[in-house]
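Enquirer: my questions are about this predicted structure, shown below with the sequence.
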Amino acid sequence: MRQYVFTLILTAAVTLALSWGVWRLSLRFKLYPGIRERDVHTTPTPRLGGIAMFLGIVFALIVSSANPFFELIWVDPALMWSLLGASALIVVVGVADDLWDLDWMIKLAAQFLSAGIIAIGGGLQVYALPLGDLTVWSSWVSIALTMFSIVIVMNAVNFIDGLDGLVAGTCLIANGIFFVYSYVLVRDTGASTYFNLATLIAVTLIGACAGFLPMNWNGAKLFMGDAGALLLGLLMATSAIAITGQLDPALLDPETIGRSQLVGAFLPILLPLVVVLLPLLDFGLAVVRRLAAGKSPFSADRKHLHHRMLDMGHSDRGSVLIFYAWTSIVGLAVLLMYLGAREDWPGEYRPGIAFGAIGVVACLVVTFLPDRRPSDSAGRRVPPRTRPLLRPDVTAQDHLK
């Protein structure tokens with residue numbers, strides 16, 4: 001565990017320092033776009049934080065190559081270099097989009113190319129699904145399933161990037177839960193070491209999000225942009241596949257394994273989906289909504305879940321905290337179900353189910369509290385996002401004074 005703590009602190013420290021540097025350089029060279037109609041912020045803000053997150057993660061992974069604790073993964077470095085190459089590609093495309101607003105087809109092609117580098121170049125694929133005897137037999141089916149899974153998660157994470165601290169905090173919580181699960185699962189399966197690729201990726205993502213969040217919290221000085229959001233989605237999907245895709249279907253026969261192990265076999269599919277449940281839900285709703293309107297599924301609008309939270313009367317920070325609560329409660333409930341099913345916990349699934357039920361009810365109450373926005377003289381609610389327009393001559397530097 002000490003090796004993971006060291007990696008987390010190292011990634012966070014490097015990311016924080018680089019985030020500050022990227023912010024200062026962005027202001028100096030005016031590398032920030034104008035405010036779009038769908039944006040919530042009202043001051044020009046740099047969107048290049050993904051560069052700092054990427055460099056922080058790369059630095060931590062390179063340092064891990066010299067650490068004997070992580071030496072197993074570097075015996076065959078093809079996967080790690082493919083992972084770094086795919087990450088670099090998606091960050092470069094993300095930065096270009098943040099600066100010049102690329103066509104969505106170019107971005108989608110780059111996403112599939114990055115996913116292909118991992119699936120084909122690195123050989124990380126969903127070879128089998130823990131659904132009884134169901135196995136992915138064809139190598140092309142494995143590659144296609146892996147690539148589509150990565151692309152979907154990348155876009156799901158990117159779609160919720162609309163409020164200060166939303167993506168960074170949500171991904172920090174999600175990866176924290178996934179790290180605990182993957183660490184315990186490796187131990188429970190009798191591995192000789194507590195290290196695996198999924199836990200290493202998860203802990204670097206926790207560090208990157210923790211290091212970036214101080215610059216991105218409400219009143220953000222720096223946004224991660226598409227580069228950061230797509231990078232987080234890419235690595236989160238990869239870490240999930242690193243566990244899910246490597247499971248042996250022979251271990252999933254209920255006649256030969258206990259119920260605890262069976263639950264653990266299904267959780268690699270369930271838990272990664274749960275920790276990104278809100279992004280996936282937002283992504284699915286957006287695709288259906290836009291296709292029904294005859295638009296591209298990747299066309300931008302102001303109808304995401306976080307926009308709807310604002311329209312309900314929640315503040316920026318309140319909306320973000322509600323997202324944090326939903327992610328924590330649902331993820332921890334599923335994690336507790338696994339922990340409760342282990343032999344040393346009485347009551348099996350009941351702790352997780354009880355925690356989840358109470359937490360969901362509490363979140364529903366907070367989310368749908370009566371609208372307390374002030375009314376005008378005609379009794380109409382005052383829109384929560386009504387703000388004075390910026391003068392065109394006001395720059396980001398002016399707002400720092």
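Expert: Yep, that arrived. Numbers count the residues shown, from 1 in each chain.
Enquirer: distance from the strand or helix carrying Ala357 to the middle of the chain?
Expert: Using DSSP states H and E, Ala357 maps to helix 350-367. Counting by Cα atoms, centre = their mean, to the nearest Å, helix 350-367 is centred 22 Å from the centre of its parent chain.
Enquirer: got a list of contacts for stretch 89-102?
Expert: 31, 33, 47-48, 50-51, 54, 106-107, 110-111, 113-114, 117, 154, 225-231, 234 (Cβ atoms under 8 Å, 6 or more residues apart in numbering). The way it works is simple: take the backbone N, C-alpha and C, and place the C-beta from them, glycine included.
Enquirer: rerun that using 6 Å as the cut-off
Expert: Arg47, Gly50, Phe54, Lys107, Ala110, Ser114, Gly225, Asp226, Ala227, Leu230, Leu231, Leu234 (Cβ atoms under 6 Å, 6 or more residues apart in numbering).
Enquirer: could you do stretch 152-171 as well?
Expert: Stretch 152-171 is touched from outside by 111, 209, 212-213, 216-218, 220, 229-230, 232-234, 236-237, 276, 279-280, 282-283, 286, 304, 306, 316, 319-320, 323-324, 327, with contacts defined as Cβ under 6 Å, 6+ apart.
Enquirer: ok so, going back, and the two most separated of the contacts of stretch 89-102?
Expert: Farthest pair in the contacts of stretch 89-102 (Cβ to Cβ) is Arg47 and Ser114. Separation: 19.4 Å.
Enquirer: for those two, indicate the residue with more neighbours.
Expert: Ser114 (27 against 24; other Cβ atoms under 10 Å).
Enquirer: what about the nearest residue in space to that one that is not next to it in sequence, which helix or strand?
Expert: Of all residues not flanking Ser114 in the chain, Ala86 sits nearest, at 4.0 Å (Cβ to Cβ, 6 or more residues apart in numbering). Element membership of Ala86, judged by DSSP H and E, is helix 78-100.
Enquirer: next one: Gln111
Expert: Using DSSP H and E, Gln111 falls within helix 104-116.
Enquirer: pull out the buried residues from that helix.
Expert: Buried residues in helix 104-116, defined by neighbour count with 16 or more other Cβ atoms under 10 Å: Lys107, Leu108, Ala110, Gln111, Ser114, Ala115, Gly116.
Enquirer: any figure for the gap between the fifth one and Leu89?
Expert: The span separating Ser114 from Leu89 equals 5 Å under the rule Cβ to Cβ, to the nearest Å.
Enquirer: where does pLDDT dip in the stretch 251-400 of the chain?
Expert: Within the stretch 251-400 of the chain, the stretches with pLDDT under 70 are 251-272, 275, 340-352, 370-400.
Enquirer: that older thread, now which of the contacts of stretch 152-171 would you call buried?
Expert: By 16+ other Cβ under 10 Å, the contacts of stretch 152-171 give 111, 209, 212-213, 216, 220, 229-230, 232-234, 236-237, 276, 279-280, 282-283, 286, 304, 306, 316, 319-320, 323-324, 327 as buried.
Enquirer: which residues in the stretch 101-250 of the chain form helices?
Expert: Secondary structure of the stretch 101-250 of the chain (DSSP state H, counting those that start in this stretch): helices at 104-116, 139-159, 166-188, 197-216, 225-244.
Enquirer: do the stretch 301-401 of the chain as well
Expert: Residue ranges of the helices in the stretch 301-401 of the chain, as given by DSSP H, counting those that start in this stretch, are 305-311, 316-341, 350-367, 396-400.
Enquirer: angle of the longest one against helix 166-188?
Expert: By that I understand helix 316-341. Per axes from the mean of the first three to the mean of the last three Cα atoms, to 10 degrees, the angle that helix 316-341 makes with helix 166-188 is 10 degrees.
Enquirer: centre of the chain to helix 316-341, how far?
Expert: Relative to its parent chain, helix 316-341 has a centroid offset of 14 Å by Cα atoms, centre = their mean.
Enquirer: now the angle from it to helix 350-367?
Expert: Orientation check (the same axes, to 10 degrees): helix 316-341 against helix 350-367 gives 170 degrees.
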